[in-house]
Each structure stands twice: as structure tokens, then as C-alpha cells.
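1. I would like to see how this sequence folds:
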Amino acid sequence: MPERPPIQAVGRVVEILESDRLYRVEMANGYRAYAVLAKEGPRPEGDATGRTVGLEYSAFDMSRCHLVSWLPERP
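-> The predicted structure is shown next:
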């Protein structure tokens, strides 16, 4: 059976659970999930709380996701 592609989304970091590793993110609709940053993943510059991030969710488990990018701040 072919693998399903990840679901891409944009969220906002609301809490840092483990520095440089585990974050709680919130989507625009209020849904919250845990975001894991890979060892080789992009690192935040400064405080990550309130930053906008790019996320990839598994098609099978929407409670966890991978943080894939730190998006630029909008004015």
C-alpha cells in the first residue's frame, strides 16, 4: 500500500516544553498539538514563543507533528 503524504499546515508556538526539541503549537482554528523538532531541524533564533511555524502532520495521528520551518514574522 502506498504511503500517504504528510498534511502540511501553519501554526503558532504557544509553549516550549523541552528547549530546542518539543513545542506545543496552536492552529488558526484553536486546535493544539505537540510539535517535535528533528536533531538536524532548523533552530529558532531567540525566544520561540509566539513564532509562526510550518508543520507536517501524519495522516494517521493529528495529535503530533513535525516542525519543519520557522516562518518569517508578518508586520
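2. packing partners for the helix or strand of the chain with the lowest mean pLDDT?
-> The weakest-scoring helix or strand in the chain, judged by mean pLDDT, DSSP states H and E, is strand 64-70 (a mean of 91). If contacts are counted by 3 or more Cβ pairs under 8 Å, 6 or more residues apart in numbering; DSSP states H and E, strand 64-70 sits against strand 22-26, strand 32-36, strand 52-57. Glycine gets a C-beta too; all of them are placed from N, C-alpha and C.
3. quick one: low-confidence parts of this structure?
-> In the prediction, the chain carries residues with pLDDT under 70 at positions 1-2, 74-75.
4. Quick check: the gap between the residue nearest to residue 51 when sequence neighbours are not counted and residue 34.
-> In this structure, residue 51 finds its nearest non-sequential neighbour in residue 13, 5.1 Å apart by Cβ to Cβ, 6 or more residues apart in numbering. To residue 34, residue 13 is 11 Å away according to Cβ to Cβ, to the nearest Å.
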